[in-house]
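Engineer: Any chance you could fold what I've pasted below:
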Amino acid sequence: MSGNPPLRQACLIVLVGAPASGKSTWAQRNGHGAVHISQDGLIDAITPQGFDHVYRPVYAAAEDALASAALREGHTVIVDRTNRTRGHRGRWLKIAQEVNAPAIAVEMAASAEVCRMRNRARIGPRRLTEERISRMLHALEPVHREEGFSAIYTGEVTLMEILSDMFPERRAESHEHCYTPR
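Structural biologist: The predicted structure follows:
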């Protein structure tokens, strides 16, 4: 028996926020039973020596293929990347529409100063230059309902709360598949 049984609810959760805003932490805390698509994780898997612009189309194709396959199989998918502009988020909305799954945005609430502080504490390739994090913070566009999301939440929500809101029939089900990280 799997220690991480699938939630079996096709739903796309799109995390939105600046680097160091808490997206990966949210995904780790809430992702039990979901497929976690991490841009950083895929970069590490595809090019272990680090990000390279030459491979950008490969990274994107891998993310898209994983999201499509998981949603088609009825899995909940968490997309862990900045998704900072309407254009970046549009590709995920298209994938969700293709499989008739709801797309939910979860905006991280960390302030720019908190993101900068957390970034300065990072070690290795995840740490961005001050110039780069400033550019990414400046480019961050708030999510609007008109983009096509079924719902928009802040990072203070849990995955189980989202799924209960989106699929009320789940409330009557047992939640024995829900695990809390220790």
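Engineer: ok, and for the helix or strand bottoming out on mean pLDDT in the chain, which residues are buried?
Structural biologist: Ranking every helix and strand in the chain by mean pLDDT, DSSP states H and E puts helix 39-46 at the bottom, with a mean of 88. Buried residues in helix 39-46, defined by neighbour count with 16 or more other Cβ atoms under 10 Å: 39, 42, 43. Placement of C-beta: from N, CA and C, glycine included.
Engineer: likewise stretch 93-110?
Structural biologist: 93, 95-96, 99, 101-108, 110.
Engineer: what's the angle from the top helix by length along the chain to helix 39-46?
Structural biologist: If you go by DSSP state H, the chain has its longest helix at helix 56-72. Angle between the axes of helix 56-72 and helix 39-46 is 110 degrees (criterion: axes from the mean of the first three to the mean of the last three Cα atoms, to 10 degrees).
Engineer: which of the residues in helix 56-72 are buried?
Structural biologist: Neighbour counts over helix 56-72 (16+ other Cβ under 10 Å) mark 59, 62, 63, 66, 67, 68, 70, 71 as buried.
Engineer: quick one, phi psi at the closest residue to the fourth one other than its chain neighbours?
Structural biologist: Spelled out, that is residue 66. Closest residue in space to residue 66, ignoring its immediate chain neighbours: residue 37 at 5.2 Å, by Cβ to Cβ, 6 or more residues apart in numbering. Main-chain torsions, residue 37, degrees, to the nearest 10: phi -100, psi 110.
Engineer: In contact with residue 37: list those residues for me.
Structural biologist: Neighbour list for residue 37: 63, 66, 67, 70, 77, 78, 79, 80, 81 [criterion: Cβ atoms under 8 Å, 6 or more residues apart in numbering].
Engineer: Let's see that with 10 Å instead.
Structural biologist: Listed by Cβ atoms under 10 Å, 6 or more residues apart in numbering, the contact partners of residue 37 are 12-15, 27, 62-67, 70, 77-81, 92.
Engineer: mind listing the helices for this structure?
Structural biologist: For the chain, helices defined by DSSP H occupy the ranges 23-30, 39-46, 56-72, 86-98, 112-121, 130-139, 159-166.
Engineer: Please report the distance of residue 104 from residue 5.
Structural biologist: The gap separating residue 104 from residue 5 is 21 Å, by Cβ to Cβ, to the nearest Å.
Engineer: Check residue 45 too.
Structural biologist: To residue 5, residue 45 is 24 Å away according to Cβ to Cβ.
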